[in-house]
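> Sequence plus the predicted model coming up.
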Amino acid sequence: MDSEVSLLLDRADNELLAARSLSKLSEDNKLKTEMLLPPQTTFYSSVISHSYYSIFYSAKAYLLHKNIKLSSEQGQHQQVYFKFKQLVQKGILQEELLDIYEDIKLKAEKLLEVLHEEKEKRKIFTYQTIPQANKSPAQDSIKNASFFISHIKSFINLQSNPKPATQNP
């Protein structure tokens, strides 16, 4: 396996570990106390973001593994998404993986929209956010990222180590 592909898969794994860790921290008051965090502190928005990046890095690894080049210009997230989508449309990858990619991408984009809206609101008045509201989407994101990465790794491993053809007597 190419070292850049391996590096991207490692980054995907690391992002998923971060998502799982932040999810656990969000739910464990004992850990929060040890870390001197207020009990109401949660990191579910970060869980969604890290889950997205785990999917992004694994999708990028798959594309590089298939020798599909990406330009080094800005907009790699869009490039990865559209090239990945093309592979699904050609029947090379399962449509379910694209659905997961689109879902987590949408969640990440909604977080960016919320960030922008809240930034604008802050200019006008003081507001209070409820971070616990992202718990369910965050848990879904971790589940989807785990599914996505495991399938991408199996596709890469199958293609890197094809089974030898059996000979008929």
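That came through fine.
> Any idea which helix or strand in the protein has the lowest mean pLDDT?
helix 95-124 (a mean of 68; mean pLDDT, DSSP states H and E).
> Can you name the next helix or strand after that one?
Counting by DSSP states H and E, the next helix or strand C-terminal to helix 95-124 is helix 135-160.
> For that following helix, what is the distance to the chain centroid?
Put simply, helix 135-160 sits 8 Å off its chain's centre (Cα atoms, centre = their mean, to the nearest Å).
> which parts of that helix are buried?
Residues of helix 135-160 classed as buried under the neighbour-count rule (16 or more other Cβ atoms under 10 Å) are 137-142, 144-146, 148-149, 151-153, 155-156. Yep, even glycine has a C-beta here, placed from its N, CA and C like the rest.
> Quick check: chain neighbours aside, which residue is closest to Ser146?
What sits nearest to Ser146 in space, not counting adjacent residues and going by Cβ to Cβ, 6 or more residues apart in numbering, is Leu16, at 6.5 Å.
> What is the helix or strand where that neighbour lies packed up against?
Element membership of Leu16 [criterion: DSSP H and E] is helix 3-27. Helix 3-27 sits against helix 29-34, helix 44-65, helix 135-160, with contacts defined as 3 or more Cβ pairs under 8 Å, 6 or more residues apart in numbering; DSSP states H and E.
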